[in-house]
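A.B. asks: Would you be able to build a 3D model of this:
(chains A, B, C, D, E and F)
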There are 6 protein chains.
Amino acid sequence: MFKRIAAFGEVMMRLEVPGYESLSQASTLNYSFSGTGVNVTSALAKFGYSTYLVSTLPKNAIGDAAISYIQKLGINPSFLRQDDNDLGMYFLENGFGARPSRVTYSNRSGSSFNRAEEESYCFDKIAKEIDIIHFCGITLAMNDNVRRQMKNFAIAVKKAGGTVVFDCNYRPTLWGEAGYEKAKPHYEEMLHLADIVMMNEKDAKFILGMETDKEDRADQLMELIPSISSKYNIPVIAGTHRSINRDNTHSLQGFIYKNQLFSFSKKITFPVLDRIGAGDAYTSGIIHGEINNFSSDKTVTFATTAAMLAHTVVGDTPIASENDIYRAMRETNSDVER
Amino acid sequence: MFKRIAAFGEVMMRLEVPGYESLSQASTLNYSFSGTGVNVTSALAKFGYSTYLVSTLPKNAIGDAAISYIQKLGINPSFLRQDDNDLGMYFLENGFGARPSRVTYSNRSGSSFNRAEEESYCFDKIAKEIDIIHFCGITLAMNDNVRRQMKNFAIAVKKAGGTVVFDCNYRPTLWGEAGYEKAKPHYEEMLHLADIVMMNEKDAKFILGMETDKEDRADQLMELIPSISSKYNIPVIAGTHRSINRDNTHSLQGFIYKNQLFSFSKKITFPVLDRIGAGDAYTSGIIHGEINNFSSDKTVTFATTAAMLAHTVVGDTPIASENDIYRAMRETNSDVER
Amino acid sequence: MFKRIAAFGEVMMRLEVPGYESLSQASTLNYSFSGTGVNVTSALAKFGYSTYLVSTLPKNAIGDAAISYIQKLGINPSFLRQDDNDLGMYFLENGFGARPSRVTYSNRSGSSFNRAEEESYCFDKIAKEIDIIHFCGITLAMNDNVRRQMKNFAIAVKKAGGTVVFDCNYRPTLWGEAGYEKAKPHYEEMLHLADIVMMNEKDAKFILGMETDKEDRADQLMELIPSISSKYNIPVIAGTHRSINRDNTHSLQGFIYKNQLFSFSKKITFPVLDRIGAGDAYTSGIIHGEINNFSSDKTVTFATTAAMLAHTVVGDTPIASENDIYRAMRETNSDVER
Amino acid sequence: MFKRIAAFGEVMMRLEVPGYESLSQASTLNYSFSGTGVNVTSALAKFGYSTYLVSTLPKNAIGDAAISYIQKLGINPSFLRQDDNDLGMYFLENGFGARPSRVTYSNRSGSSFNRAEEESYCFDKIAKEIDIIHFCGITLAMNDNVRRQMKNFAIAVKKAGGTVVFDCNYRPTLWGEAGYEKAKPHYEEMLHLADIVMMNEKDAKFILGMETDKEDRADQLMELIPSISSKYNIPVIAGTHRSINRDNTHSLQGFIYKNQLFSFSKKITFPVLDRIGAGDAYTSGIIHGEINNFSSDKTVTFATTAAMLAHTVVGDTPIASENDIYRAMRETNSDVER
Amino acid sequence: MFKRIAAFGEVMMRLEVPGYESLSQASTLNYSFSGTGVNVTSALAKFGYSTYLVSTLPKNAIGDAAISYIQKLGINPSFLRQDDNDLGMYFLENGFGARPSRVTYSNRSGSSFNRAEEESYCFDKIAKEIDIIHFCGITLAMNDNVRRQMKNFAIAVKKAGGTVVFDCNYRPTLWGEAGYEKAKPHYEEMLHLADIVMMNEKDAKFILGMETDKEDRADQLMELIPSISSKYNIPVIAGTHRSINRDNTHSLQGFIYKNQLFSFSKKITFPVLDRIGAGDAYTSGIIHGEINNFSSDKTVTFATTAAMLAHTVVGDTPIASENDIYRAMRETNSDVER
Amino acid sequence: MFKRIAAFGEVMMRLEVPGYESLSQASTLNYSFSGTGVNVTSALAKFGYSTYLVSTLPKNAIGDAAISYIQKLGINPSFLRQDDNDLGMYFLENGFGARPSRVTYSNRSGSSFNRAEEESYCFDKIAKEIDIIHFCGITLAMNDNVRRQMKNFAIAVKKAGGTVVFDCNYRPTLWGEAGYEKAKPHYEEMLHLADIVMMNEKDAKFILGMETDKEDRADQLMELIPSISSKYNIPVIAGTHRSINRDNTHSLQGFIYKNQLFSFSKKITFPVLDRIGAGDAYTSGIIHGEINNFSSDKTVTFATTAAMLAHTVVGDTPIASENDIYRAMRETNSDVER
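C.D. replies: Below you'll find the predicted structure:
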């Protein structure tokens, strides 16, 4: 079913040290442009939807390069603005074995997106041209101005009859000290506006301050998610449990809660090439399943497989087609395709 | 024992996306030149034989580059022709984990090799200057003209007292619909002419249409191969069973059937760097064993180890020396050699 | 003034040996996707127009990569089809001094574009959604089927009230022996349909077989172009004279003939980084001038400057913005911009 | 004569697109760390002095990489602080011919250096351990806090008996509107404190607002510099005149004014590989000449040759040894050195 | 506790074939500079010590490059000499799976370090400016002249009250035939001079010719090390047991023997990126523990963890900070750090 | 006319810093294998001759890589030996403008070639299988052993009826102090044995100590070469005069002296990409002209053009075909070849 899907959020420049060297050892960087919104809309474009990014980029060579890159991903650039001079950046040094990957952010607070004036976007107009809007908790952490834009945009989409997707995506370093307290009211506003929410029991406990006497993660999840769904009136809640194994593989199990029922994917284990952005592939799978009225079982398996494939791809941004995901749902190990 | 060994077949340009990016993500390619004939004769050159390739390459910069590359591998270029403008190509995107490697062929049917006129080669003359000739089923799939060249060449070598090696190497996409039926008569002609045949029970079942009520691959093999050997009068038949494991290692077991007796290598399991061309390393090991009258046990272990090492090498073409293979037969894991 | 501009033509994969090595020396290639249509619509997209490419690309990883690349350039992919398996390719080895650059074509006649069936495109529908269509003589050289498509498309655009641009762009190797004779009737058909034609006196003499007793190129031009304009009823004819200097700089002078009057740019001389595609930048400048009713003098200077800048850019495809061109019209040598 | 020489100023990360691609076309960057202070102290370290940088770098992987790089240049890191998270950056796209090189700054105002608190450095202590300190007008443009640090440091060095070098280096984009008016009082303070000043007649006219009715640059220089020297009591003033030629070579003529006398170098013309940082090589040559009591003629020739060589080197930072400069003073064109 | 630590030994140029190609396949090399002394002092510089290298490098572009590289690592270059023209080199081809990594030495015997005259260094003067000196058995294998320098230096340091560290590091190919007999007297001299010795039971058995009737490595170790400690009067002896596992992981267990007591680390198992130089990281950990009077348990765990991390880093030279090692002691597998 | 041509001499590893960085700045090297003998026989192989190299290479991965590379160039490896461990190397840093290219030799005296025992080669046997042998003065500078080998080989070839080519190629740094005196007797022996000699008037004056009162190079040449030809009984003497121009172009004029007559090429001027090895291209042109009995005028023009083209090619080794040279003799500047 054809849909027009947009995301609101910051575009960042990813500057990756090639191979396994550190920033002190190397002298070249690979760069690309990503962000939660970029990743989700790019993944959905690969499934055949018309997708848009609503954001502000710098009005210089860096912003131009970001737009070229976003177009290459198949995202429609019509709702992108260019203003001011700075783009948020992050440097990525790839870890190996017991040496973890390391991300160093630079220049985030002063970015064009975070300093765009409140009236910069015509949310009412955009809301009429899209069916689904995606927001995430990273954007919510930025500043008051951006938070107001985000909520106004959500309200505009609801008014126009669209669907609001909200990914909780809490990042402790962005909220700083006493972050959960600061964050809670904003998260609650977004939860009230959202139709599909990406979260798990940790968000319930830490952000919303909910309590449980269960010890096991799965038990906590099954206790807390239904009350959130009912309290904030959220039709669909989905998320994952990830564990990192001793042999450097990761394991992932997806869940979806809908119509008072949980569905879980199998727990799958796989080697990891590039972990960043895999959660956004999961979100794209949930949205695709919901648009097409997949059964919850199929949706959660599709989304978990999309997430797994996103770990096998260079860069933050998922590139799997619907067919690639179906094949990976069928097969586990394969010889060369020729 | 010194021998002159040639192969007849197409040279292809391999265009590989470096690392794990897709063709849509990257902007550079690594190129080299390969093909079953290139791989087998290159591997045998490393063992000290004089080796030749009998083929047609384009008469332009691409063909010149292919010849330089073939010379670098130590193959004698005397029997290479240059004519016409096109070389078959394949693009390789490396997979990771559940994302399979992907090969995209380009420009195959119109290649200089496939369009060379029937009288292009002096097979009688060449047959007198070589001891062993290698053919494969990929060449057999090309077109009538190439098939006729191949059979005439085999007949010329037999007449001159040489040895004919034939690798069944059936590729479904090349034969298209009802491929097995189309292929069978041509395969049968080649089997009648061959002294050493590379195949396994799948070729027997699918190409030759043989039936068996055994279920296990090994049982099928032990039933079918002896009847083929006797029906087509083939002194030596050899091949492998490959399985792909959940942790992305492969397992390989080689066999040889000779003098009514089977010999099997141990099943060995190993990580894989570059899977393409490993079967050709196996063939080179069988040929080397037969030339030197190794015991069947030694031949099959040597060939299987050669195949394993070929999986650890960049590119299609095996580079192991005889000593490298003997060392790998003795040791499994080794520290730095210095 | 806003316009929707399309081009009809083949997309090719450019495979460039980096630096100054030959294909025999190197082992990596830089790849991109280009073609006259790609270059012209990309250049016009940088000026702010909505641009489209009407073409057929292979339905595989190569075609997908071409589409990503075309989107990156800012061209709308809506009118691109994917079918069949082959893309025309060319290998580029960069020359130095007295050693010329060398282009080796591969796989051209069998490309998806050249084998697309006549009914593949909905020209009537597309004609209604565009204002200007661009064709070139390279496409005209392909085969009867493509030629028919091209003429039908031109007729459809005329019927819908659009403007037809035709770049003569005669390539001797594509037409083969007695090429001018074969080409002439097809060129005449296109000239009758065209509103803006890119050509110079050589096309008049060789393709159209016109005669002149003038010796000087400029004199021949001023004699022949007006008769063509009147014979084929072409409102605007434009083109360039190029000369290559001993110090490896090139000199370029543009002309435009309109309303019975010639305008010439100054002859400008400049160093060359990448010569391929510069003619397409000139075309884009002429189209931009005509859309905006520039004076002929301004149009021809703008177009010649656009062509000069295209020589200073990596790859076939122009990337200059309107502002970049205006600045280069004002200044000749500049220090770092910061 | 051995000296300990320090510079106070910002370290920046240089992110250069390799070759001649734009940031929109490429996908990799070469990075290094530079800045006026880095360049001057690195050049002087190559002449055998102990050199230091007094600056603040981020306390993260980016800052660590900058320190490694500065150490590699032979600069002593003892007076470097690490604090906060941001480093000023600039992206460099190399021009070709009429397409100018383009520098895009990012993240400058929020850098660790520019946000370091006033009391961050122990200027009195450092002043006792050095003989010469170098400042530049770029640092002066940053903010009030940095300006105060700079002036306090200059005063401390004077008190400790050291020499103050000040490079006027006015950057219009950093001072913004009405920049000359804002800048003048700060420049005047620094001129009163300085022993060696790098400037030319443009600085006199624009920053200090001096007037002259001469038209020729050289005449203006010879009128204005002596009055500045006497008004601000500056023993040595030196600088260059640069012109950019049609064939993309640059011409440079250096001057020095000392003891009421001008000395000029010959005007030299040369091809340019990397123009950034060449002015800092000139400064290093003047400092070296003054330390060693070269004649003014020798000093100005040495400095101009050092500047020329800095144009032939990759990156911002000069790498020529004293011997390299003497040889280039003797010879103009040379064959391979072996 | 602050210490000044030096190492005496050869610097080598490491020329690594990138990726997994062989020297016959590739056409580029990555180069860096290393050696046991470089690795140990670089690792200790990362822990905050002032470190020095005492060595001789060629007086040409290769020597200059080595010094830049050593400075980049944070090692003080004051005690480096430049003389003569040659630097020892080694080429590294990375193995994969059953194909071992291969090191090919070049130009070792004629290196500037190995040909430096006996009186080249002022050992007495240097001994007064350092607290700890590190030697290794590789240097001991070079030639008589170098051996004499090494022993004189050790004596000078003892006289000045410093600590002598000696790493046995026996390399069979350097000592040649009957190597153990040749080596023994030199090793014994060094053991008598040393305060901290790196070795294990193999050195005891093969170099010192000690006998044991234990079969197990651990039992042999526990029998032999105490007698060495007492015979040569060595306060601290430390070392490791390494095993290479079938899945290409390595296992490492460290020990320290001090005050008549053994302490052992846990045996840890980990994947390996670059094995060369990991032993030097272990040494640096032991030295750090001894300087700071860590308990033996803490020292041996710290050193073993440092060695493990050195396997995860590109190049021979450890780059982990003290904090990196403490974190790896706490955690085993971690997600991205951001 | 078909000929078998060999060269006797050292193969060196060329390690080039990519682009214009210095060895201190960069971290990667491009490597290839060259030497006068490699260059001459490779150039002649491109003209269609069977060519051989007679040399000794190390018996390790470095020697294997050299052989692969030599085969790639089309040179027959049958007369190559592998022994010992070292290969001569040189590092190349590319200059720019006034900064000259710099070559740093490493490991030359201890190379496998220079240490090969006198009886290593079967010169009598080889002499029978070749028609022409090439020697050069670089080999003559090595050591007594190599000199004896060279003379014995020359004598063997003369005895077998072959042609001896000798390139004087005097390298001052190799002969050291009082080099001309040491060299003269060895050069005289070779001149007596040679049929074709490459030299100019400088060799006559400096090596042979001949005197002239002419001042102009051309006059000196015309006086001295004929007496050498007559004194040593040399049928053909050829060489070049090179000058380096202010704009970094080089000028070259070739001469040949034969049958008491001089022929000169035009003096040609051209830009330079890679100067090393161009003299060897000139030699190959002279040999080709002599084999085919070109007129002296044609020979000298062909050789000079071959030398010019060798300056436009990456690496030491010429790659031009006979056709490439003929085209460059006809044309000076050309557009893209397609």
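A.B. asks: Can you list phi and psi of residue A:150 for me?
C.D. replies: Main-chain torsions, residue A:150, degrees, to the nearest 10: phi -60, psi -50.
A.B. asks: again but with residue A:240, I slipped
C.D. replies: phi -140, psi 160.
A.B. asks: show me what contacts the closest residue to chain C within chain A?
C.D. replies: Per C-beta to the nearest C-beta, the residue of chain A with the smallest distance to chain C is residue A:72, at 3.7 Å. C-betas here are computed from N, CA, C, even on glycine. Counting by C-beta atoms under 8 Å, 6 or more residues apart in numbering or on different chains, residue A:72 touches C:68-69, C:71-72.
A.B. asks: What about these, which are in helices?
C.D. replies: C:68-69, C:71-72 (DSSP state H).
A.B. asks: hmm, which of those are the buried ones?
C.D. replies: C:68-69, C:71-72 (16 or more other C-beta atoms under 10 Å in any protein chain shown).
A.B. asks: from the contacts of residue A:72, which is closest to residue F:89?
C.D. replies: Checking the contacts of residue A:72 against residue F:89 by C-beta to C-beta gives residue C:69 as the nearest, at 41.4 Å.
A.B. asks: Bridge partners for the closest residue to that closest one other than its chain neighbours, pull those for me.
C.D. replies: Nearest residue to residue C:69 in three dimensions, chain neighbours excluded: residue C:33, at 4.4 Å (C-beta to C-beta, 6 or more residues apart in numbering or on different chains). For residue C:33, the beta-bridge partners are residue C:13 (DSSP bridges).
A.B. asks: I figured residue C:33 was touching residue C:66, is that so?
C.D. replies: Yes - here residue C:33 reaches residue C:66: they are 4.5 Å apart, a contact under C-beta atoms under 8 Å.
A.B. asks: Report the set of residues contacting both of these two.
C.D. replies: Going by C-beta under 8 Å, 6+ apart, residues that sit against residue C:33 and also against residue C:66 are C:11, C:13.
A.B. asks: if you count what's nearby, which of the two comes out ahead?
C.D. replies: Taking neighbours as other C-beta atoms under 10 Å in any protein chain shown, residue C:33 and residue C:66 compare with residue C:66 leading, 30 against 24.
A.B. asks: Measure how whichever strand or helix holds the more buried one sits relative to helix A:61-72, angle-wise.
C.D. replies: Element membership for residue C:66, per DSSP states H and E: helix C:61-72. Orientation of helix C:61-72 against helix A:61-72 (axes from the mean of the first three to the mean of the last three C-alpha atoms, to 10 degrees) gives an angle of 140 degrees.
A.B. asks: If you average the pLDDT over helix C:61-72, what comes out?
C.D. replies: Mean pLDDT, helix C:61-72: 97.
A.B. asks: repeat for stretch A:307-319
C.D. replies: On average, stretch A:307-319 scores 95.
A.B. asks: so does it get close to chain D?
C.D. replies: No - contact of stretch A:307-319 with chain D (C-beta under 8 Å from any C-beta of the partner chain) is absent, the minimum separation being 10.2 Å.
A.B. asks: Any residue of that stretch touching chain C?
C.D. replies: No - against chain C, stretch A:307-319 shows no contacts by C-beta under 8 Å from any C-beta, the least distance being 9.6 Å.
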